[in-house]
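Participant: Sequence below, structure please.
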Amino acid sequence: MRTFKFLTKGAALVALCVVVACTGVQDSATGPTPIPKAVRVTAGDVAIVVASPDGFCIDRATITENTKGAFMFLSDCRVVAATGKAGRLPISAILTASISPTGLAGRENGLKPALGTLGQFLATPVGVFTLGKSHVDGATSILQTKQTDTALYLLVEDKGFSDDAGVSNRYWRAFTEVNGRLVALSVTGYSDSDREEKRSLRIIRAFVQAIVDANAATL
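Facilitator: Numbers count the residues shown, from 1 in each chain. This next block holds a predicted model:
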């Protein structure tokens, strides 16, 4: 799991509300827009559109594409309807998207049972460890598990994780498959604003749906 040091140290810069054009799906490596609502990346030679939920934009500077897949950060933004331009806002939540170069194990038997199997693995000591940010043995636990036909949601707590900016040690993770590639998402808020992570759950559900809809539209 990527560290959140990058975003906390850069939060002041991100919050300056630099206004730029924000139009449609952008290729990750080209184009003038540093904070688009959606980008097209490649994972395992398959194109995937990562689309943000309402109120959030993608930080193009954080996009990584390599043989391990694709990864990026997202944070708050505001799109002005009259101009179509987007501007940064003070960060209320930090989102990440990670796309694997392979698909979900067991997908040939159906998405729902494959997600169930993934959930069983993530509940094991080895699986729980992979969900943590601190990578401290025994520090991470799963507080809630929710599964739909198309996605697995986990509320995770990592008691070994701390951050000077007040980023919460609780966060939602979501897993689904898009275009034959495993998509892992996360939403992390601030510890003093959303202790029960209800807002984060709404955001991550919208995040999953935005990506599913964006890729369905490109077929």
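Participant: all contacts plus neighbour counts: C-alpha atoms, from now on.
Facilitator: Will do.
Participant: ok, which stretches of the chain are strands?
Facilitator: 20-21, 25-27, 38-43, 46-51, 56-58, 64-66, 69-80, 85-88, 94-99, 140-147, 152-158, 167-178, 181-190 (DSSP state E).
Participant: and the nearest residue to residue 123 once chain neighbours are set aside, what are its bridge partners?
Facilitator: Nearest non-adjacent residue to residue 123, counting by CA to CA, 6 or more residues apart in numbering: residue 142, 7.3 Å away. Bridge pairing for residue 142 (DSSP bridges) gives the partners residue 156.
Participant: Disregarding flanking residues, what is the spatial nearest neighbour of residue 207?
Facilitator: Using CA to CA, 6+ apart, the closest residue to residue 207 is residue 53 (4.8 Å).
Participant: Next up, the contacts around that neighbour.
Facilitator: 203, 206-207, 210 (CA atoms under 8 Å, 6 or more residues apart in numbering).
Participant: Need phi/psi at it.
Facilitator: Dihedral pair for residue 53: phi -70, psi 170, per degrees, to the nearest 10.
Participant: Quick check: pLDDT value at it.
Facilitator: Residue 53 carries a pLDDT score of 96 in this model.
Participant: quick check: longest helix of this protein.
Facilitator: helix 198-217 (DSSP state H).
Participant: buried residues in that one?
Facilitator: 200-201, 203-205, 207-212, 214-215 (16 or more other CA atoms under 10 Å).
Participant: if we look at that helix, which residues are touching it?
Facilitator: 48-54, 93, 151, 171-174, 176, 178-179, 185-189, 194.
Participant: Likewise for stretch 109-129?
Facilitator: Under CA under 8 Å, 6+ apart, the answer for stretch 109-129 is 104-107, 130-131, 135-138, 140-142, 147-152, 175-177.
Participant: From the contacts of helix 198-217, list the buried ones, please.
Facilitator: 48-53, 93, 151, 171-174, 176, 178-179, 185-189, 194.
Participant: got any ranges where this structure has weak pLDDT?
Facilitator: Applying pLDDT under 70 to the chain flags the ranges 1-34, 79-85, 192-196, 218-219.
Participant: Figure out how far stretch 210-219 is from the centre of its chain.
Facilitator: 16 Å (CA atoms, centre = their mean, to the nearest Å).
Participant: before we move on, what about stretch 51-61?
Facilitator: 10 Å.
Participant: returning to that earlier point: turn the buried ones among the contacts of stretch 109-129 into a named PyMOL selection, would you?
Facilitator: In PyMOL, selecting the buried portion of these, with burial taken from 16+ other CA under 10 Å, looks like this:
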select buried, resi 104+107+131+140+141+142+150+151+152+175+176+177
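Participant: so residue 172 makes contact with residue 146?
Facilitator: No. The pair residue 172 / residue 146 is not scored as a contact, 10.5 Å apart, by CA atoms under 8 Å.
Participant: shared neighbours of these two, anything?
Facilitator: Common neighbours of residue 172 and residue 146 (CA under 8 Å, 6+ apart) are 153-154.
Participant: do you know how far residue 185 is from residue 35?
Facilitator: 18 Å (CA to CA, to the nearest Å).
Participant: any chance of the contacts of residue 53 in JSON lines, with distance to residue 87 too?
Facilitator: Shown next, in JSON lines, are the contacts of residue 53 (distance: CA to CA, whole Å):
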{"residue": "203", "distance to residue 87": "19"}
{"residue": "206", "distance to residue 87": "20"}
{"residue": "207", "distance to residue 87": "19"}
{"residue": "210", "distance to residue 87": "20"}
